[in-house]
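Q: Pasting the sequence and the predicted coordinates here, then a few questions.
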There are 2 protein chains.
Amino acid sequence: MIEKLVKRNKIYNGSIIDVFCDKVKLSNGFITSREYLSHPGAAAVLPFLDKKNIVLVKQYRYPINQITYEIPAGKIDKSENPFECALRELEEETGYKVKKMKKLLLFHPTVAFSTELIYIYVAFGLEKGMKKTDNDEFVEQKVLNFNSAIKMVKSGKITDAKTIIALLYMENILKRS
Amino acid sequence: MIEKLVKRNKIYNGSIIDVFCDKVKLSNGFITSREYLSHPGAAAVLPFLDKKNIVLVKQYRYPINQITYEIPAGKIDKSENPFECALRELEEETGYKVKKMKKLLLFHPTVAFSTELIYIYVAFGLEKGMKKTDNDEFVEQKVLNFNSAIKMVKSGKITDAKTIIALLYMENILKRS
């Protein structure tokens, strides 16, 4: 099944999106092309304020023209690992630092046309830190009851992949304990 | 929070990826640009062969250089709705037709830089149909116990977003019933 790289071709160099169209050899020997985005990876964290409440981030997302509720997340910088990225994004987007953080799982949001891998963590024991967002980034923190957030997944009010995965995964852990 | 379109700019016209970099007006009046992919949307289905077993699709995914286990899925064609797309992809990728199919939820895999919306269904009562894949598409159907698939999510063997969401969502429904 494996496909082998014959020639790498970068065809678009964007500010957040780089597009490649590689020439590849299929397992049957045929040559074809594969178009995809290159992405540095991201880290995200589901932060518990206390036993029942979590902190989500409310923001407008231009590509889907909707205001979303998401767990804090962002692209991994060259100078950091996924754990450090999740800690940084949590503080920048919500103003909370954290004592304890644990990895939940990794996932690929779009295996068909992107290299992106997202690391998901869960955090407990939040402390006041320093909120800091980019000039063109408007985010509001939103404290929500965990069970209400699960209902928002089921009613279609939360539609973001990383947020749905973190919430459903944690729900399963909490039900078992 | 809402951002308004000032000028739409298509900057790359690919075979599966179209990239836009629109000029937009922020809520504070400032002008900036937003880079994103345009995507027609997709439909996916978690197919139950019987009460305990599901059918997944095993295939090589070039962008992540891995063999994945995924629920059958694909892009929505211009001539069909999401329900029809899920039925078609199920039969093309696994060779099964279906009697009963129900919507589970919708989600956005990458809200930061893509318009893509994925409809997820669950199907019961599979019947033999006709498998049919593209010339450069090599997919194998794989029958798996539902609980084993949940374990593959937890152990990191299943990493595809739509597949994780469908499995965890169904697990929660089955636990409640």
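A: Noted; the coordinates are in hand. Residues are numbered from 1 along each chain as shown, chains lettered A, B, ... in the order given.
Q: and the longest helix for chain A?
A: When chain A is parsed with DSSP state H, its longest helix is helix A:161-176.
Q: now the strands: where do they sit in chain A?
A: Shown for chain A, the strands assigned by DSSP state E span residues A:4-7, A:10-13, A:18-25, A:31-38, A:42-48, A:53-61, A:66-70, A:73-75, A:96-107, A:118-128, A:139-145.
Q: Could you point out which of those sits nearest residue B:23?
A: Proximity to residue B:23, assessed across these by Cβ to Cβ, is greatest for strand A:53-61 (16.2 Å). Where you see a C-beta, it was placed from the backbone N, CA and C, and this is true even at glycine.
Q: Out of the strands of chain A, which one sits most buried?
A: Comparing the strands of chain A by mean neighbour count (mean count of other Cβ atoms under 10 Å in any protein chain shown), strand A:42-48 comes out on top with a mean of 25.
Q: Show the average pLDDT along that strand.
A: The pLDDT scores in strand A:42-48 average 98.
Q: Surely residue A:19 and residue A:11 touch.
A: Yes. Residue A:19 lies in contact with residue A:11 (Cβ atoms under 8 Å); the separation is 5.4 Å.
Q: Identify the contacts common to the two.
A: Taking Cβ atoms under 8 Å, 6 or more residues apart in numbering or on different chains as the contact rule, residue A:19 and residue A:11 both touch B:12, B:14.
Q: Pop the domain breakdown of chain A in here.
A: With domains defined by automatic domain parsing, chain A comprises A:4-38, A:42-107+A:117-176.
Q: Kindly reformat the ones you listed as CSV containing distance to chain B.
A: Listed next are those as CSV, based on distance: least, Cβ to the nearest Cβ, whole Å:
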stretch, distance to chain B
domain A:4-38, 4
domain A:42-107+A:117-176, 4
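Q: what lines up beside the helix or strand bottoming out on mean pLDDT in chain A in the sheet?
A: Ranked by mean pLDDT, DSSP states H and E, the weakest helix or strand in chain A is strand A:10-13, scoring a mean of 90. According to DSSP bridges, strand A:10-13 forms sheet pairs with strand A:18-25 (antiparallel).
Q: C-alpha coordinates for the partner strand, PDB please?
A: What follows is strand A:18-25 as a C-alpha-only set of coordinates in PDB (Å, rounded to 0.1, in the frame of the first residue of the first chain):
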ATOM      1  CA  ASP A  18       2.100  25.700   2.500                       C
ATOM      2  CA  VAL A  19       0.900  23.400  -0.300                       C
ATOM      3  CA  PHE A  20       2.900  20.600  -1.800                       C
ATOM      4  CA  CYS A  21       2.100  18.500  -4.900                       C
ATOM      5  CA  ASP A  22       4.600  15.500  -4.800                       C
ATOM      6  CA  LYS A  23       5.200  13.100  -7.600                       C
ATOM      7  CA  VAL A  24       4.800   9.600  -6.000                       C
ATOM      8  CA  LYS A  25       5.200   5.900  -7.000                       C
END
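Q: picking that back up, show me what counts as buried in the longest helix of chain A.
A: A:161, A:162, A:163, A:164, A:165, A:166, A:167, A:168, A:169, A:170, A:171, A:172 (16 or more other Cβ atoms under 10 Å in any protein chain shown).
Q: in chain A, which ranges drop under the pLDDT threshold?
A: Residues of chain A meeting the criterion pLDDT under 70: A:135, A:177.
Q: what's the burial count for residue A:30?
A: Residue neighbour count, defined by other Cβ atoms under 10 Å in any protein chain shown, stands at 11 for residue A:30.
Q: wait, it sits on residue B:134?
A: No. Using Cβ under 8 Å, residue A:30 is not in contact with residue B:134, being 11.9 Å away.
Q: I'd guessed residue A:100 sits against residue A:123; true?
A: Yes. Using Cβ under 8 Å, residue A:100 makes contact with residue A:123 at a distance of 6.7 Å.
Q: Distance check, residue A:119 against residue B:36.
A: Distance, residue A:119 to residue B:36, using Cβ to Cβ, to the nearest Å: 23 Å.
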